[in-house]
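Colleague: Let's see this in three dimensions:
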Amino acid sequence: METSISIRDLKIGYGTHTVIERLSLDIAVGEFLVLLGPSGCGKSTLLNTIAGFNEASEGEVWISGRNVTWEEPKDRGIGMVFQSYALYPHMTVRKNLSFGLRVAGVSKDEIASRVEKTAALLHLENLLERRPAQLSGGQRQRVAIGRALVREVSVFLFDEPLSNLDAKLRNELRVEIKKLHQQLGNTMIYVTHDQVEALTLADRIAVMRQGRIMQLGAPKEIYYRPANRYVAGFIGSPAMNFIDGEVTVGNGAPFFRSKDLLVDLSAYQFSAEPKPCPATLGFRPEHLVSGGAAAKLPTIPGIVSVVEPMGTDTVVWFDWSGENLSYRVMDDVALNPGDSIKPGLAIAKASLFGADGARL
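Modeller: Numbers count the residues shown, from 1 in each chain. So this is what the prediction gives:
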């Protein structure tokens, strides 16, 4: 793998408070990496350290084969897109796009060429003579992205660029950014707390918590094979269902037991030889099935409490032995509060976690 960015044993702290502790990460040339996590997990701190806005306490940052740990942001060969648009209000779109190039002493012809090319790429051609106050939020964010693109660098950093937009605009610009990456092929690092953005945009996702990467992998891997209970609970909407219990082994066959539930784990892919231990069974709402598909599966009977129509499907919440679980069904399945259900569990798709939270 040809590396575009390499984070080596990075530590970032402020006084006695450590934000990131000994983090290492390699990002391939042309990769779209998303740093995902809740507020305060260190994702923006890491991005700003790559950009040069924060100083590393220890460790190194390498970009395109150069150690840039102590270089100024302007010398790192990166383009940055911020959460706030940070546009100059008195300048037109054209001047906002060209300002950094003018300061850098780029020739007028080269500036004009880059601005026109970037405007075409982001569908800004008809807006070049407008000022920011005359633009919608989505248009302003496209200008902010364009200001990074005109630099024609190999690495682009995005710090929650869509968080100030409404849901419709977020969806539209998310598609634009994905197309942009496909067209340009540049390395992109994107910070967000929105898992939908992460799952739809990323080649790989780094799920972060308290300055550590809890799992690094492709979106499908993160979603379907979470490495630990934290990642399992953080990814997915509705969140993964969890049932606490224990793994038992009888006559060479592993089972999961909780209250009156006994699940044969023969179809589950353990990471090591199964042994008796406390465990948590995790399964997503879509891992429960009904009808003929449930005939040969262990069932989790319950009473429907809430029905949430979601358009193409419906989320059904039901009570099993005092636990509130969710179950995703097609929109043509008619269920009402108070109904009894017995969905089958596709155990091969489920997850098991040990007492330490790691995947079994």
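Colleague: List of residues touching stretch 183-191?
Modeller: Under the criterion CB atoms under 8 Å, 6 or more residues apart in numbering, residues 4-5, 27-35, 43-44, 47, 50, 121, 149, 153-161, 177, 181, 197, 201-202 lie in contact with stretch 183-191. The C-beta positions use only the backbone N, C-alpha and C, and glycine is treated the same way.
Colleague: how about the one helix or strand residue 94 maps to: buried residues?
Modeller: Under the criterion of DSSP states H and E, residue 94 resides in helix 93-103. For helix 93-103, burial by neighbour count (16 or more other CB atoms under 10 Å) applies to 93, 94, 95, 96, 97, 98, 99, 100, 101.
Colleague: can I assume the fifth one is in contact with residue 115?
Modeller: In this case it means residue 97. Yes. Under the criterion of CB atoms under 8 Å, residue 97 makes contact with residue 115 at 4.9 Å.
Colleague: picking up where we left off before, ChimeraX command for the buried members of the contacts of stretch 183-191?
Modeller: Entered in ChimeraX, the line below selects the buried ones among the contacts of stretch 183-191, by 16+ other CB under 10 Å:
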select :4,5,27,31,32,33,34,35,43,44,47,50,121,149,153,154,155,156,157,158,159,160,161,177,181,197,201,202
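Colleague: Out of the contacts of stretch 183-191, list just those in strands.
Modeller: 4-5, 27-28, 32-35, 155-159 (DSSP state E).
Colleague: In a markdown table, list those residues along with distance to residue 320 and pLDDT.
Modeller: Formatted as a markdown table, the ones in strands among the contacts of stretch 183-191 follow (distance: CB to CB, whole Å; pLDDT from 0 to 100):
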| residue | distance to residue 320 | pLDDT |
| --- | --- | --- |
| 4 | 48 | 93 |
| 5 | 46 | 96 |
| 27 | 43 | 97 |
| 28 | 44 | 97 |
| 32 | 39 | 97 |
| 33 | 38 | 98 |
| 34 | 34 | 97 |
| 35 | 36 | 97 |
| 155 | 49 | 94 |
| 156 | 47 | 94 |
| 157 | 45 | 95 |
| 158 | 41 | 94 |
| 159 | 42 | 93 |
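Colleague: which one among those residues gets closest to residue 65?
Modeller: residue 4 (9.1 Å; CB to CB).
Colleague: Look up phi and psi at the residue lying closest to residue 34 once chain neighbours are set aside.
Modeller: In space, residue 34 comes closest to residue 202 once its chain neighbours are excluded; the distance is 3.9 Å by CB to CB, 6 or more residues apart in numbering. Per-residue torsions, residue 202: phi -80, psi 150 (degrees, to the nearest 10).
Colleague: still on that earlier bit, who touches both of residue 97 and residue 115?
Modeller: 128, 150.
Colleague: so who does residue 39 touch?
Modeller: residue 193.
Colleague: on that earlier part again, farthest-separated two in the ones in strands among the contacts of stretch 183-191?
Modeller: Pairwise distances across the ones in strands among the contacts of stretch 183-191 peak at 20.8 Å for 28 and 159 (criterion: CB to CB).
Colleague: Show residues contacting the helix holding residue 94.
Modeller: Applying CB under 8 Å, 6+ apart, the external contacts of helix 93-103 come out as 87-88, 91, 110-111, 114-115, 118-119, 124, 127-132, 135, 143, 146-147, 150-151.
Colleague: Just the C-alpha atoms of that helix, please, in CSV.
Modeller: Only the C-alpha atoms of helix 93-103 are listed here, as CSV (Å, rounded to 0.1, in the frame of the first residue of the first chain):
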residue,chain,number,x,y,z
VAL,A,93,-17.5,33.7,-5.0
ARG,A,94,-14.8,34.2,-7.7
LYS,A,95,-12.6,36.2,-5.3
ASN,A,96,-13.2,33.8,-2.4
LEU,A,97,-12.0,31.0,-4.6
SER,A,98,-9.0,32.8,-5.9
PHE,A,99,-7.9,34.7,-2.7
GLY,A,100,-5.5,32.0,-1.4
LEU,A,101,-3.9,31.6,-4.9
ARG,A,102,-3.4,35.4,-5.2
VAL,A,103,-1.7,35.5,-1.8
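Colleague: What mean pLDDT does it get?
Modeller: Average pLDDT, helix 93-103: 91.
Colleague: swap in stretch 325-337?
Modeller: Mean predicted lDDT for stretch 325-337 stands at 88.
Colleague: re the thing from before, specify which member of the ones in strands among the contacts of stretch 183-191 is nearest to residue 317.
Modeller: residue 34 (29.5 Å).
Colleague: Pretty sure the closest one sits against residue 200.
Modeller: No. Contact criterion CB under 8 Å: residue 34 and residue 200 do not qualify, at 9.5 Å.
Colleague: Contacts for stretch 122-136, please.
Modeller: Residues from elsewhere that reach stretch 122-136, judged by CB under 8 Å, 6+ apart: 85, 87-94, 96-97, 115-116, 118-119, 139-140, 142-143, 145-146, 149, 169, 176, 180.
Colleague: Mark which of the residues you listed are part of helices, please.
Modeller: With DSSP state H as the criterion, helices contain 93-94, 96-97, 115-116, 118-119, 139-140, 142-143, 145-146, 149, 169, 176, 180 from among the contacts of stretch 122-136.
Colleague: What subset of those residues is buried?
Modeller: 93-94, 96-97, 115, 118-119, 139-140, 142-143, 145-146, 149, 169, 176, 180.
Colleague: and residue 293, that one's in a helix?
Modeller: Yes. Assessed by DSSP: H, G, I helix; E, B strand; the rest coil, residue 293 belongs to a helix.
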